[in-house]
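Chemist: Predicted coordinates and the sequence they were generated for:
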Amino acid sequence: MADPSDPRPAVLFVCLGNICRSPLAEAAFRAAAERHGADVQIDSAGTGNWHAGEPPDPRSREMARRHGLDISGQRARQVRAADFEAFSHIVAMDHENLAALARMRPEGARAELSLLLDHVPGREGQAVGDPYYGGPEGFERAWADADAAAEGLLRRIAGAA
Ligand code: 4NP
């Protein structure tokens, strides 16, 4: 849980269930932050609570594992009002998530909202497609999007070289 009095950048990645896309976005960004030695707090959450307490979907776990990352320790949770103070940046996977976040954002809260692909030059305004009901290619795309955004987002918020 990010501490609202902590001045370090803190990034929360948000999708619907917090078991497919945002765990991959969290993992790719954590790996980028570690590569750069950037001091950033990182978490993920879902706008829905159906999967609260569950580990990431096995297909996301496998995708992360193929890229050398173990996300099996992650547990899904729902976004809460306190997140809008605790995190400096809340990054949504798609427009529905972004709209839900905008609706629940307390007035004057510090968190800046964006879409993940806003951080990839030329792909601003695009969504990371929901892979839950589809085949493995959706998870490949979700990983590729997460990985593509990680470095740009890190540069933007943490000034990493
Ligand atoms: P996510 O994918 O939002 O990327 O975690 C989904 C996970 C679960 C559901 C929908 C999307 N669901 O309807 O349960």
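Modeler: Perfect, thanks for sending it.

Chemist: Am I right that I90 is in a strand?
Modeler: Yes. Under DSSP: H, G, I helix; E, B strand; the rest coil, I90 falls within a strand.

Chemist: What number of residues are in the vicinity of it?
Modeler: I90 has 26 neighbours, counted by other Cβ atoms under 10 Å. C-betas here are computed from N, CA, C, even on glycine.

Chemist: repeat for G134
Modeler: Counted with other Cβ under 10 Å, residues neighbouring G134 total 12.

Chemist: Distance check, it against D57.
Modeler: To D57, G134 is 12 Å away according to Cβ to Cβ, to the nearest Å.

Chemist: so, in contact with the ligand or not, the helix or strand where L113 lies?
Modeler: Following DSSP states H and E, one finds L113 within strand 112-115. No. Using Cβ under 6 Å from any ligand atom, we find that strand 112-115 stays clear of the ligand, coming within 13.8 Å at best.

Chemist: Next: stretch 98-107.
Modeler: No. Applying Cβ under 6 Å from any ligand atom, one finds stretch 98-107 out of contact with the ligand, separated by at least 11.3 Å.

Chemist: got the buried residues for that stretch?
Modeler: For stretch 98-107, the neighbour count (16 or more other Cβ atoms under 10 Å) marks L98, A100, L101, R105 as buried.

Chemist: one step back: overlap in contacts of G134 and D57?
Modeler: Contact with both G134 and D57 is made by no residue, according to Cβ atoms under 8 Å, 6 or more residues apart in numbering.
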